[in-house]
Every structure is written in C-alpha cells, then in structure tokens.
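K.L.:
Got a sequence here, can you build the structure:
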Amino acid sequence: MMRVSILLGLTCFVGVSCIEARTNQLVLNSSPSQRGWLFKSQQGQQTSDVLLELRGGASRKKRGGRTATLSSSKAAKTATGKKKVGAAKQEKKSAVSDTLTKYKQILPLTRIYISMVGMATLLGLVLGEELTQGLLALDPIRTMYGLELWRPFTAATFLGPPSIGWLMSGYYLFEYGSSLERAYGTAQHLVFLLSQVGLLSVLSVLFGQPFFANSVITSMLHVLSRSMPNQKVKWLVFTVPYWALPYGLMASDVLQAGSAAAALPHVLGILSGHFYFFHKFVLPKMAKGEDWLAAPDFLMGLMDPSARKSSKDAVNTALKNRKKGKGRKLGSS
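P.N.:
You can find the predicted model right below:
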C-alpha cells in the first residue's frame, strides 16, 4: 500500500509540473491582457483532465460518428434487441404468401387432387378410424342404392393418417400428376382420372379394397413409364429403366409392410393404367380406329383453349402449305 501511494503521488506531481510548464509557455506567448484569463482557464481544464485520467474516468474528447435516432433507424429490432411486433407479422405474412404463391403455381387438376387429399386426411383425423371407414370407404351397396356418390372419389383421395408413407405418396401424386397434366393437357388428364376412378372402383370392389388412392398413383406412374420405357431413371441408389419403376415402387412397399398383400394396390394400378394406355395410344394405331378416350371438344375448349387453338393453327398451316399438282386435262392420254 505504501508503494502504491508513493507511485500515485509521484505521478500527480509529474503531471502538475507538466501542466505548469505548458501554462507558463502559453502565458509568455500571449498578450498581457489575455494572460490572466488564459492562465486560469488552461490550468483548471488541464488539471481536471489529468485527474480524470488518473481516476480512470471518461475524457472530454468528442468522439466522431453518427448518432442513431429512433426515427431514422430502419432496423427490425428495438433498443433492447428484441424484434418489433410489426417485423414478426411481416415475416409470417411473407412466408404465408410464398406458400400460397407456390400452391397457385401447381397445375389445376393436380392442385384440386392434392386439396381433396388434404381435406380427406383432415376429415379422417377428426372422425377417427371407424367413422372414416364408414363414411369415406368404397361401399357398392351404399353407392348404388343409397346414392352416396361421393364414395368413389373419397376412396381415390384418402391416403390414411399422416405418416412418412403418406408424405411420400403425396409427393408421388404431385410429381406424376403434374408430369401427366403437363404432357397431355388438363382436359385429357381429367379423362384419365375419371377412367381410373371408374376402373379402380370396379376392381377394388372385386378384390375388397376400401381405398385405392395408391392405385391411382401407380397408374399415373405406369402411363408415364410406358410413354418412354427405355429412359434411365434413378430409383433409390439404382439406375433402372423407366418401365421398371412401378414394380420398384411395389417392391419397396412390400418390403416396408413385410407382407405380400401390400402389392395388391400396385397391381390394380398397373392393370388400370395399362388399360388406359393401350386403348389411348396402342389400339388406335393398330386398328386405325377412333380414339374413344380422347377429350371432347367442349372440354378442350373449356380447359385447354390455347392448346386447341394451336392445334387448329397447325392444321390450317399444313393445308395451306400443301403442294398442289398440275393434274391432267380430260380426254388427254
């Protein structure tokens, strides 16, 4: 303690001596009328600065930089570091608007199908398993005699309770449904879906399947795979031809369920999808007959007006560009 006191005393003495020396120099250089005022002001200010430095306090020097005000600040946080109430609402609003924008960008029929799957799943959660079976399952007696005509459509849209399998089936429905609708148009995709609901309703009644949404997904995949069968695609860690993809999906479900009964929905989907593909693309070329699965004109005009207009323009252009022969005069040999 004695050493510290001695050091502090020496430091104060040296600091005061320096102040006095600098003050004397300023007094000598100034005019006689200013010496008194300059001496007092300089001595008091420099003495206080020295004492502040020794004490460890703040200095009198002005620091540069801009001072932020509440009116000019545009940050999303308050003075305490918390987020503003308006900023949180804006972030939530932007996330919801982005989700709605992506939802609206989905093709029309695929968007309607996915919405029906979501409503059927929500209804299943609210009603429970038993009531869901009684209200949404395919029942031919109630459908025909009770006029419960919604049952084929709810059987085609119910994928069960939310799970990993439900999520994967929803992704497959979006992926394959969008590909089909983009390739063949909205009107033709509607014809495909209606034909699959009709065929799978009959097949599901025969084989005792109350729901056939997974069969619809497999039929979509089968039609896509038959359109380009030899194209190489990635399935899990394997590279397989496109025609083998429905069978790979069936094999994965069988392995996951641990029962061969899990293959039945996929078999029904392959059969119904092959029926559509054969009568739509193969039989008209073989028999040179009419395509009875083609979308009618009024449906094309309602759902695909641009596609109908472009096809008509292509036909008119082909007729105009057709070369006319010279022909021969009557009676000429």
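K.L.:
burial measure for residue 232, as a count.
P.N.:
The local packing of residue 232 (other C-beta atoms under 10 Å) involves 8 other residues. Yep, even glycine has a C-beta here, placed from its N, CA and C like the rest.
K.L.:
Look up the residues forming beta bridges with the residue nearest to it when sequence neighbours are not counted.
P.N.:
Counting by C-beta to C-beta, 6 or more residues apart in numbering, residue 232 lies nearest to residue 239, which is 5.4 Å off, once chain neighbours are set aside. On DSSP bridges, the residues paired with residue 239 through beta bridges are residue 234.
K.L.:
so residue 239 touches residue 248, yeah?
P.N.:
No. Using C-beta atoms under 8 Å, residue 239 makes no contact with residue 248, being 11.2 Å away.
K.L.:
and the two? which has more neighbours close in?
P.N.:
Set residue 239 next to residue 248 and count neighbours by other C-beta under 10 Å: residue 248 wins out with 15 against 9.
K.L.:
Just say helix, strand or coil for that one.
P.N.:
What DSSP: H, G, I helix; E, B strand; the rest coil gives for residue 248 is helix.
K.L.:
Hmm, it is touching residue 240, no?
P.N.:
Yes. Residue 248 sits in contact with residue 240 when judged by C-beta under 8 Å, with a separation of 6.2 Å.
K.L.:
Can you give me the neighbour number for residue 271?
P.N.:
Residue 271 has 16 neighbouring residues, counting by other C-beta under 10 Å.
K.L.:
Mind listing residues that contact the host helix or strand of it?
P.N.:
Using DSSP states H and E, residue 271 falls within helix 264-277. Contacts to helix 264-277, defined as C-beta atoms under 8 Å, 6 or more residues apart in numbering, come from residues 192, 195-196, 199-200, 203-204, 207, 209, 212, 214-223, 226-227, 246-247, 249-250, 253, 293.
K.L.:
What's the ChimeraX syntax to select whichever of the residues you listed are buried?
P.N.:
When burial is assessed using 16 or more other C-beta atoms under 10 Å, the buried subset of the contacts of helix 264-277 is captured in ChimeraX by this command:
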select :192,195,196,199,200,203,204,209,212,214,215,216,217,218,219,220,221,222,223,226,227,246,247,249,250,253,293
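K.L.:
So which of the contacts of helix 264-277 belong to helices?
P.N.:
Filtering the contacts of helix 264-277 for membership in helices, criterion DSSP state H, returns 192, 195-196, 199-200, 203-204, 207, 214-223, 226-227, 246-247, 249-250, 253.
K.L.:
pLDDT weak spots in the protein?
P.N.:
1-93, 307-333 (pLDDT under 70).
K.L.:
can you do 80?
P.N.:
Scanning the chain for pLDDT under 80 picks out 1-96, 235-236, 287-290, 305-333.
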